[in-house]
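Engineer: can't give you the sequence, but here's the structure:
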């Protein structure tokens, strides 16, 4: 593919301008798969001194972001969604164990929502997964990993609900 970041962002923008629905995001995910296949270009986004969350691009009109995530060691996140937004995870290096959850009870005020694990799977290099609004998931990384993530909005600015895992 040999797309640089600007070309990749422009193609994502074009797709999302035409269709910012789940089907449009699937098209962006396919483009991300191609971007992940360009190992030479990709390595430039995961430098040794990079932080866990590096903002590579933020669209001034549509608000979507492209990020490089570099985890130097194990890291686990609790169940979460992306609030009113969506995210596309693209595994570049290493593996991410992902768990999806079924919502049992919505969060209310300061009280966590309740979820039940419904599916577990592993993202390996080159794999991409779309999480639409309301999709609850949790990643776990046991070793160093790198991924490219596209968010529908810059999540650093968004307050997210918390969820507690229950057995039913």
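Structural biologist: Alright, I've got the coordinates. Remember, it's a predicted structure, so these values are computed and weren't measured experimentally.

Engineer: Where does the residue nearest to residue 136 when sequence neighbours are not counted sit, in terms of helix or strand?
Structural biologist: Spatial nearest neighbour of residue 136, excluding adjacent residues (C-beta to C-beta, 6 or more residues apart in numbering): residue 101 at 4.2 Å. C-beta here means a position set from N, CA and C on the backbone, and glycine is covered the same way. Per DSSP states H and E, residue 101 falls inside strand 96-105.

Engineer: Only the buried residues of the following helix or strand past that strand, if you could.
Structural biologist: Remark: after strand 96-105, the chain's next helix or strand is strand 113-123, criterion DSSP H and E. By 16 or more other C-beta atoms under 10 Å, the buried positions in strand 113-123 come out as 113, 114, 115, 123.

Engineer: Would you mind listing the outside residues contacting strand 113-123?
Structural biologist: Strand 113-123 is touched from outside by 79, 89, 91, 95-107, 129, 136, 147, 161-168, with contacts defined as C-beta atoms under 8 Å, 6 or more residues apart in numbering.

Engineer: if we go to 10 Å?
Structural biologist: Applying C-beta atoms under 10 Å, 6 or more residues apart in numbering, the external contacts of strand 113-123 come out as 78-81, 89-91, 94-107, 127, 129, 136-141, 145, 147, 161-168.

Engineer: Any chance of the buried residues of strand 113-123 in TSV with pLDDT and distance to residue 56 as columns?
Structural biologist: Converted to TSV, the buried residues of strand 113-123 look like this (pLDDT from 0 to 100; distance: C-beta to C-beta, whole Å):
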residue	pLDDT	distance to residue 56
113	95	31
114	97	35
115	97	31
123	97	19
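
Engineer: Where do the strands of the protein begin and end?
Structural biologist: 54-58, 65-71, 75-76, 87-93, 96-105, 113-123, 128-131, 136-141, 145-151, 163-165 (DSSP state E).
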